[in-house]
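Colleague: Got a sequence here, can you model it:
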Amino acid sequence: MNTHLRLLCLILVTAAFAIGQEHSNNGSAAQSQARPQRQSQQTKARCTKQALAALKSIPKPAYECTDDSDDEIQQSPGRRAALKAYLPKLESAVGPGFWASSVDELNACATRNNERAKTPEDQLEIDSNPRVLGDGSTRLVLLLDPCVKYSYITQNGFILQRAGGRVYSSQVLDAFYSRLDPGVELQLASHNGKTVVVIETNSEPMMNTLFSTFHVYSIDPGSHRAVPMKLFIDGGKLTNEFGFDEYLFDDEQTMRQWHPPELVHNGRLSPRFTVYTMRKDQDSPSKFSRKTYVWNGRYYKLER
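Modeller: Residues are numbered from 1 along each chain as shown. Prediction:
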């Protein structure tokens, strides 16, 4: 990641904590903490009429809100049923204009009036617009949850797959929240002829540490829907999730010693990836310990 971007990120995060900026559960507006994107910066795109129409056609999830706690609402049968019923609605709403528009154009439409937000209601309307990541066949759509408010922006994520003239949807993120911007990133890869979707989520920082997770899915060639791709071992069981630490650095020398785990390389799953973790022993010659995971044909195994 670019040094200047990391330094800017550190300044913004520190400033946010210093002024005690909190996202309230009643939905009051607040700025998201900035985080530099690992991927290349998006090119500036304009909001086209086609992209705006496609964005407006995406329905927002809806169900009855209650006075229960966020945990109770998230696990409620009514909410689960509503989100399940939402999938075919989303599939039928996404038309050719959505796929013909680039993700940059769609996201430009989502934020086109951001500088004009004057009230919390204006900001909420902007933040409730979908955010779209992906390519011409596989996309992740992030939508604000109407009732669960773990943080100001609490999102549900849906993978959309275009195949055979149809659109297939799968929910992959459930009430995820983070004040980082972006809190969700996406990489697409190919593995044994299948499309692999790698979603990286980034939690709020504690001091200079970001807690990140890879969520890996493959597109099933029969159903065309996203299914968990269990590539990792955790507690002796296979899982599709892998957690690791990222960092915000205040000096360039330390930053150069750290590298993000490269699960995807040149559009394919990497045969191996390395995780760098900051040592507690500050007297060590290197500030980071390293663990390398190697693909053994079934899953990534820790190299001894």
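Colleague: now the stretch 201-304 of the chain, which segments are flagged as low pLDDT?
Modeller: 282-285 (pLDDT under 70).
Colleague: need the helices for it, in chain order.
Modeller: Under the criterion DSSP state H, counting those that start in this stretch, helices of the stretch 201-304 of the chain are mapped to 252-257.
Colleague: Checking my notes, Tyr86 in a helix, right?
Modeller: Yes - per DSSP: H, G, I helix; E, B strand; the rest coil, Tyr86 lies within a helix segment.
Colleague: Contact partners for the residue positioned nearest the centre of the chain?
Modeller: Nearest to the centroid of the C-alpha atoms of the chain, with distances taken as Cα atoms, centre = their mean, sits Val184, at 1.8 Å. Listed by Cβ atoms under 8 Å, 6 or more residues apart in numbering, the contact set of Val184 reads 131, 133, 140, 142, 155, 157, 173, 176, 178, 199-202. For the C-beta atoms, the positions are set from N, CA and C on the backbone; glycine is no exception.
Colleague: From Tyr177, how far out is it?
Modeller: The gap separating Val184 from Tyr177 is 10 Å, by Cβ to Cβ, to the nearest Å.
Colleague: same question, Ser203
Modeller: Taken as Cβ to Cβ, the span from Ser203 to Tyr177 is 9 Å.
Colleague: just Asp68 next, same as before
Modeller: Asp68 is 17 Å from Tyr177, by Cβ to Cβ.
Colleague: Out of the two, name the residue with the larger neighbour count.
Modeller: Set side by side, Asp68 and Tyr177 show more neighbours around Tyr177, with 20 against 12, by other Cβ atoms under 10 Å.
Colleague: Tell me, how many residues neighbour the closest residue to that one other than its chain neighbours?
Modeller: Distances taken as Cβ to Cβ, 6 or more residues apart in numbering place Ser151 nearest to Tyr177, at 3.8 Å, with adjacent residues excluded. The tally of other residues near Ser151 (other Cβ under 10 Å) stands at 21.
Colleague: can you pull up the bridge partners for the residue nearest to the centre of the chain?
Modeller: Under DSSP bridges, the beta-bridge partners of Val184 are Thr201.
Colleague: Show me how far stretch 190-210 is from its chain's centre.
Modeller: Distance, stretch centre to chain centre, for stretch 190-210: 7 Å (Cα atoms, centre = their mean, to the nearest Å).
Colleague: Restrict it to CA atoms and write it as CSV.
Modeller: Taking Å, rounded to 0.1, in the frame of the first residue of the first chain, the C-alpha atoms of stretch 190-210 are listed here in CSV:
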residue,chain,number,x,y,z
SER,A,190,-10.2,-18.9,-11.2
HIS,A,191,-9.5,-22.3,-9.7
ASN,A,192,-10.0,-25.6,-11.4
GLY,A,193,-12.4,-24.0,-13.9
LYS,A,194,-14.5,-22.4,-11.2
THR,A,195,-15.0,-18.7,-10.4
VAL,A,196,-13.7,-17.9,-6.9
VAL,A,197,-15.0,-14.9,-5.0
VAL,A,198,-12.7,-13.6,-2.3
ILE,A,199,-14.4,-11.0,0.0
GLU,A,200,-12.2,-9.2,2.5
THR,A,201,-13.9,-7.6,5.4
ASN,A,202,-12.0,-5.1,7.7
SER,A,203,-13.2,-4.4,11.2
GLU,A,204,-12.7,-1.2,13.1
PRO,A,205,-9.1,-0.6,14.2
MET,A,206,-7.8,-1.1,17.7
MET,A,207,-4.8,1.2,18.1
ASN,A,208,-2.9,0.6,14.9
THR,A,209,-4.3,-2.9,14.1
LEU,A,210,-7.0,-3.8,11.7
